[in-house]
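>>> sequence first, predicted model second:
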Amino acid sequence: MLVLGVTGCADSEAQDEVELTFADAGWESIRVHNYIAGIILEEGYGGYRQDIMSGSTPVTFTDLRGGGIDIYMEVWKENIQEEYNEALEKGEIQVLSINFDDNFQGLYVPTYVIEGDEDRGIDPIAPNLESVFDLPDYWEEFQDPEDPDKGRIIGAPSEWAVDEILEIKVETYGLDEHFAALSHIPHLIARCNGEYYFHSIRI
């Protein structure tokens, strides 16, 4: 995760306050960082006013490169690697610092699926599930209630760049023969995050 800023701020008239525009690409952590940075700018430094511009990752990153956005508090650069490298090479953006250095993307299942959960009396459901290529053997364990002949993979919101990447990976790995189209169910994600530990699958 990176904190980015363009090399120059957006144009502003001679005023007491300078407006700085932050990107909101649609996920919770970038909004938290925007909120904290806004408080620091407006109440700590003073003389600044925060504005938020919302949009998908490609749209907001393009605005960052063009000067329509001044600060991008969190970028998953792997999802826009070509555009990111080009912007750095052209001097359109500056890397300011790292937010997180322990995050990566992939496919996950609750740990009990592979290891079981003795405290809950759950036996392993897919004990040999080690990589993405093992998923077709266990599609029935992830059955889609709306399409019972296939499994379900819960993906990312459509405005996230990784959503398109996941769709390509599902097709490339041939998972679309056994799994329905990616879907994102916010309340289900929130419930899973609160109740289960997750185990990554090699892709």
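Received, thanks.

>>> what about stretch 88-98, how long is it end to end?
For stretch 88-98, the first-to-last residue distance is 15 Å (C-alpha to C-alpha, to the nearest Å).

>>> likewise stretch 59-79?
13 Å.

>>> same question for that stretch, mean pLDDT?
For stretch 59-79, mean pLDDT rounds to 92.

>>> same deal with stretch 37-45?
92.

>>> list the buried ones in that stretch?
For stretch 37-45, a neighbour-count test (16 or more other C-beta atoms under 10 Å) marks 37, 38, 41 as buried. All C-beta spots, glycine's among them, are computed from the backbone N, C-alpha and C.

>>> ok, stretch 156-165 next?
156, 159, 160, 161, 162, 163, 164, 165.

>>> which two among these are spaced furthest apart?
159 and 165 (13.3 Å; C-beta to C-beta).

>>> can you classify residue 42 as helix, strand or coil?
State at residue 42, reduced to three classes by DSSP: H, G, I helix; E, B strand; the rest coil: helix.

>>> my guess is it contacts residue 48, does it?
Yes. The criterion here is C-beta atoms under 8 Å, and residue 42 meets it with residue 48 at 5.8 Å.

>>> return the backbone torsion pair for residue 134.
phi -90, psi -10 (degrees, to the nearest 10).

>>> next one: the closest residue to it other than its chain neighbours, what pLDDT does it get?
Distance criterion C-beta to C-beta, 6 or more residues apart in numbering; nearest residue to residue 134, sequence neighbours excluded, is residue 128 at 6.4 Å. As predicted, residue 128 sits at a pLDDT of 92.

>>> next, residue 128: secondary structure please.
coil.

>>> and residue 166, what element?
Using DSSP states H and E, residue 166 falls within helix 161-172.

>>> relative to residue 21, how far out is residue 152?
Taking C-beta to C-beta, to the nearest Å as the measure, residue 152 and residue 21 are separated by 38 Å.

>>> quick one on the thing from earlier: how about TSV for the buried residues of stretch 37-45, with distance to residue 145 added?
Conversion of the buried residues of stretch 37-45 to TSV gives the following (distance: C-beta to C-beta, whole Å):
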residue	distance to residue 145
37	41
38	41
41	47
